[in-house]
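Visitor: Take this sequence and fold it.
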Amino acid sequence: MVLITLLASCELLKVDNSTTKPGSNNINYAELYLSLTALSDEQITENIHQHQLKSRVNNARNIKEIVGNTSPITWNLKSVLFFALPNSPIHNPFTAKSKLNQLSLDNIKETHLTSADFAFFTMLKTQLNQQILLLNSISAEKKSLLMIKQAYLLKSNKLQQQLKALQQQILQLKNIENNINEHGQ
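Guide: Model prediction:
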């Protein structure tokens, strides 16, 4: 199982040295995304770990040029995929969208993205926007329901207190009635 995980990880992180644009790696990001969706949680975690290790090494060296056939832009685009992947342990559409915004797809499409990749990331950005809107809507609905629940509990507590007070008054009235009946006989 470990060998399969490592082989899958190596295959996903493999970079083809042939380029279609200057300074870019020939990575089909749509295929990469689809291959990530087929991985188990353990394999995704292993890929994320390898990706993070490589990113830390690149950041520690403060590399701004292509290193080891993988540019920082390529690594950032792969990070977007990890954050956008629904079954990823680090799934976070807000972070994925933020990373896409930082990369400014229009600026890198000429040098780092094929037309198909540009279309894929543009579509992914649209999908992330929709997901974020839905998450915000769900969050607002949850807050609204929580406020309704709190109001209901407050009203329920007040009604319980009123019920207790009325029950005490009824008991007092019964005691008074019993006293009157005893003295009247």
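Visitor: And the host helix or strand of residue 122, what does it pack against?
Guide: Assessed by DSSP states H and E, residue 122 sits inside helix 115-184. The contact analysis (3 or more CB pairs under 8 Å, 6 or more residues apart in numbering; DSSP states H and E) places helix 115-184 against helix 29-37, helix 72-84, helix 93-103, helix 105-112. (Glycine included, C-beta is placed from N, CA and C.)
Visitor: closest one to residue 177 among the ones you listed?
Guide: helix 93-103 (67.5 Å; CB to CB).
Visitor: give me the element residue 39 is part of.
Guide: Going by DSSP H and E, residue 39 is not in any helix or strand.
Visitor: How many residues are close by it?
Guide: By other CB atoms under 10 Å, 19 other residues sit near residue 39.
Visitor: How much space separates residue 54 from residue 48?
Guide: 11 Å (CB to CB, to the nearest Å).
Visitor: Among those two, which residue is more densely surrounded?
Guide: Neighbour count, other CB under 10 Å: between residue 54 and residue 48, residue 48 has more, with 20 against 16.
Visitor: where does that one land in three-state SS?
Guide: helix (DSSP: H, G, I helix; E, B strand; the rest coil).
Visitor: wait, it sits on residue 85?
Guide: No: between residue 48 and residue 85 there is no contact under CB atoms under 8 Å: 9.5 Å.
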